[in-house]
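Engineer: how would this look folded up:
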Amino acid sequence: MEGMSDERTTPGDEYSAPDEHSAPDEHATFEDLGLRPELLKALSALGYEEPTPIQQEAIPPLVGGRDLLGQAATGTGKTAAFSLPVLQQLSAHRRDKPPVALVLVPTRELAVQVSEALHKYGRDLGARVLPVYGGAPIVRQLRSLESGVDVVVATPGRALDLLNRGSLQLGEIATVVLDEADEMLDMGFAEDLEAILDETPRERQTVLFSATMPRRLDALARRHLNDPVRITIAKEKAAAGEAPRVRQTAYVVPRGAKPAALGRILDIEAPTAAIVFCRTREEVDTLTETLNGRGYRAEPLHGGMSQEQRDKAMGRLRSGTADLLIATDVAARGLDIDLLTHVVNYDVPSAPESYVHRIGRVGRAGREGVAITLAEPREHRQLKTIEKVAGATISVQTVPTVADLRARRLDLTRAALRESLLGDELDRFRVVVETLADEFDLMEVALAAVKLAHEAGGGVDDDEEIPQVGFRPDSGRPDTRGGSRDGGRGAGDGGRPPRRSSGPAGRLFVGLGREAGIRPGDLVGAITGETELTGRDVGSIEIHQRFALVEVPEGAVDDVVNALRATMIKGRKATIRRDRS
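Structural biologist: Take a look at the predicted model:
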């Protein structure tokens, strides 16, 4: 489609000043936003009583047809903020085949969640919503597109694949939404996004939501948004003198003591439901086994599991059958868990934006949440960078001692006994106390009962002290861990620096090279878009004239080969196999 390669705003122009919005009205209703009766009926049936601040600010300009650039954390209600205006403009029980709205998201989990929301809100409109993403049978998606849809919710890699096949028609698109846009750039989708947007009509409405606003995202917005309304919704801050909604703490721990330290911290915190983020699937499996051995009900979640297994793990956490989810970053992206009280970074995130996304999952709707990070002594500078980007203070503490743990367990026993004493079901035990009182002092009877209650509370008998350490003095040398997340060029022949993650690496042969215009970002984007790997999991890349070699974790080689064989790289099919050289 012609015209989209031109920038939507002139280079060097500033965005128009933000529209003047009054402060969100805490008594506003969805009726006040001018939504159509079918949507109001759906919202009422779902129990939604009043819009969140971002919905109050975003829905009116979007219904009015304006482009919008929104910065909002996970859990602020942004899915409804863009979904309701999309449905507001949809013809009821439309029968035309090409879609009129396209929502691009970074992961399959988020694609499913957004699709479910659109379906629930638009049920009375007969809205036809189709999620498309890698890892699902493409034949089913092709059939649905052929039958006709109204809204497509897609990951960029699969959307581009369907576009190149001629199955996804974007000529009638009236609205494009980029949700979690910073995550999509981090995963190497920059060129895919540009290619998709170039195929949509120039006179469309464009909506971009992101938790953070890095410079390259601002550049994308300048090219593709036309005089947008800008909205920033920060996490609700506590009033003066109140505790913050999300308590952020870092514990300094030697690497070898991390499993024991995590168990100790969880024993102290006693979370209702928590996610523990790990870097690799091997670490997830090992830590899950360790925590289950400590008495927790932990479930793993990573790219090596089938979608059915992952759904079951999520279901157990939501139902309360499990209380811990041990997950890799990508596998947990897009998850929305109302009961979540704690988020734990088993390692300091290499990208500050990842930290922002993770802690956005707790402290929602006025509830308190806890974000915990296990930092090694050499990671002081990384933590400071995260504090700056997140705009929050992270309290640095040492790991609780055995004495701290014992005191905490006594507190929990005391609280449980107090709750029982305030109840009204004690009379049936009176005969036991009266009988024993004939033989023992009442205080001794009470002490024995407390002892039994305390021991019944469970927990590992933990007598081992964990080394107490602090951050090492700053050496003044820059932190060079992790490499590029977006597939940018590194050292060598058009490649990236060697992979620094733990574990053996396997190497793939890709039958496209410089002659086909292939760049590192194309390969990283294809891999992260069609598998559960992140940009950090992709190692060194060598691009030659007619082929490329890519390092990925050894355990993921077969999955990556199968996934890339079923898709296209920069619009072309390629020979994909394990490299035997």
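Engineer: contacting residues around A574?
Structural biologist: With contact set as Cβ atoms under 8 Å, 6 or more residues apart in numbering, A574 has these partners: 510-512, 564, 568. Heads up, the C-betas are built off the backbone N, CA and C, glycines and all.
Engineer: pull up the gap between it and D522, please.
Structural biologist: Note on A574: its distance to D522, by Cβ to Cβ, to the nearest Å, is 10 Å.
Engineer: ChimeraX command to pick out the buried ones of the contacts of A574?
Structural biologist: Buried members of those can be picked out in ChimeraX with the line below, counting by 16 or more other Cβ atoms under 10 Å:
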select :510,512,564,568
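Engineer: can I get the contacts of A574 in JSON lines with pLDDT?
Structural biologist: Converted to JSON lines, the contacts of A574 look like this (pLDDT from 0 to 100):
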{"residue": "V510", "pLDDT": "91"}
{"residue": "G511", "pLDDT": "89"}
{"residue": "L512", "pLDDT": "89"}
{"residue": "L564", "pLDDT": "89"}
{"residue": "M568", "pLDDT": "80"}
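Engineer: in strands, which of the contacts of A574 appear?
Structural biologist: In strands, defined here by DSSP state E, the members of the contacts of A574 are V510.
Engineer: now D192, what's its secondary structure?
Structural biologist: Secondary structure state of D192, per DSSP: H, G, I helix; E, B strand; the rest coil, is helix.
Engineer: ok, how many other residues are close to it?
Structural biologist: 26 (other Cβ atoms under 10 Å).
Engineer: please verify my assumption that it contacts P156.
Structural biologist: Yes - the pair formed by D192 and P156 meets the contact definition of Cβ atoms under 8 Å, at 4.0 Å.
Engineer: how long is stretch 427-444 from one end to the other?
Structural biologist: Here the two ends of stretch 427-444 are set 20 Å apart, with distance taken as Cα to Cα, to the nearest Å.
Engineer: list the contacts of that stretch.
Structural biologist: Counting by Cβ under 8 Å, 6+ apart, the neighbours of stretch 427-444 from elsewhere in the structure are V445.
Engineer: ok, the contacts of A574 vs A101, which is closest?
Structural biologist: Distance from A101 was checked for each of those by Cβ to Cβ. The minimum falls on M568, at 23.9 Å.
Engineer: how about that closest one, what does it touch?
Structural biologist: With contacts defined as Cβ under 8 Å, 6+ apart, the neighbours of M568 are 160-161, 164, 574.
Engineer: if we go to 10 Å?
Structural biologist: For M568, the contacting residues are 157, 160-165, 512, 526, 574, by Cβ atoms under 10 Å, 6 or more residues apart in numbering.
Engineer: where do the strands sit along the stretch 201-350 of the chain?
Structural biologist: Counting by DSSP state E, counting those that start in this stretch, the segments of the stretch 201-350 of the chain that form strands are 205-210, 229-233, 246-252, 274-278, 298-301, 324-328, 342-345.
Engineer: okay if I get those as CSV plus mean pLDDT, distance to D179 and mean neighbour count?
Structural biologist: Conversion of the strands of the stretch 201-350 of the chain to CSV gives the following (pLDDT from 0 to 100; distance: least, Cβ to Cβ, whole Å; neighbours: other Cβ atoms under 10 Å):
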stretch, mean pLDDT, distance to D179, mean neighbour count
strand 205-210, 95, 5, 24
strand 229-233, 88, 14, 19
strand 246-252, 90, 22, 20
strand 274-278, 92, 20, 24
strand 298-301, 91, 21, 24
strand 324-328, 90, 20, 26
strand 342-345, 93, 20, 24
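Engineer: closest to E180 out of these?
Structural biologist: With Cβ to Cβ as the criterion, E180 lies closest to strand 205-210 of the strands of the stretch 201-350 of the chain, at 6.8 Å.
Engineer: neighbouring strands - and their directions - for that closest one?
Structural biologist: Strand 205-210 pairs in its sheet with strand 68-72 (parallel), strand 175-178 (parallel), by DSSP bridges.
Engineer: now the very next helix or strand once past the longest one: mean pLDDT?
Structural biologist: Sequence-wise, the next helix or strand beyond strand 68-72 is helix 78-88, with elements assigned using DSSP states H and E. The pLDDT scores in helix 78-88 average 94.
Engineer: tabulate the strands of the stretch 201-350 of the chain (JSON lines), appending distance to K384.
Structural biologist: As requested, the strands of the stretch 201-350 of the chain are exported to JSON lines (distance: least, Cβ to Cβ, whole Å):
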{"stretch": "strand 205-210", "distance to K384": "23"}
{"stretch": "strand 229-233", "distance to K384": "24"}
{"stretch": "strand 246-252", "distance to K384": "11"}
{"stretch": "strand 274-278", "distance to K384": "20"}
{"stretch": "strand 298-301", "distance to K384": "30"}
{"stretch": "strand 324-328", "distance to K384": "25"}
{"stretch": "strand 342-345", "distance to K384": "15"}
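Engineer: nearest to F547, of the ones you listed?
Structural biologist: Here strand 324-328 is closest among those (Cβ to Cβ), at 29.3 Å.
Engineer: wait, isn't A298 in contact with D323?
Structural biologist: Yes - with contact defined as Cβ atoms under 10 Å, A298 counts as touching D323 (7.7 Å).
Engineer: just the buried residues of stretch 372-382, please?
Structural biologist: By 16+ other Cβ under 10 Å, the buried positions in stretch 372-382 come out as 372-376, 379-382.
Engineer: pretty sure A174 contacts R94?
Structural biologist: No - here A174 does not reach R94: they are 11.7 Å apart, not a contact under Cβ under 10 Å.
Engineer: give me the common contacts of the two.
Structural biologist: Residues touching both A174 and R94 by Cβ under 10 Å, 6+ apart: V100.
Engineer: mutual contacts of A574 and D522, please.
Structural biologist: When contacts are counted by Cβ under 10 Å, 6+ apart, A574 and D522 have 510, 512, 516, 548 as shared neighbours.
Engineer: in the sheet, which residues pair with the residue lying closest to the third one once chain neighbours are set aside? Tell me.
Structural biologist: Take A516 and drop its neighbours on the chain: the residue closest to it by Cβ to Cβ, 6 or more residues apart in numbering is R572, 6.2 Å away. Legend: beta-bridge partners of R572 under DSSP bridges are I569.
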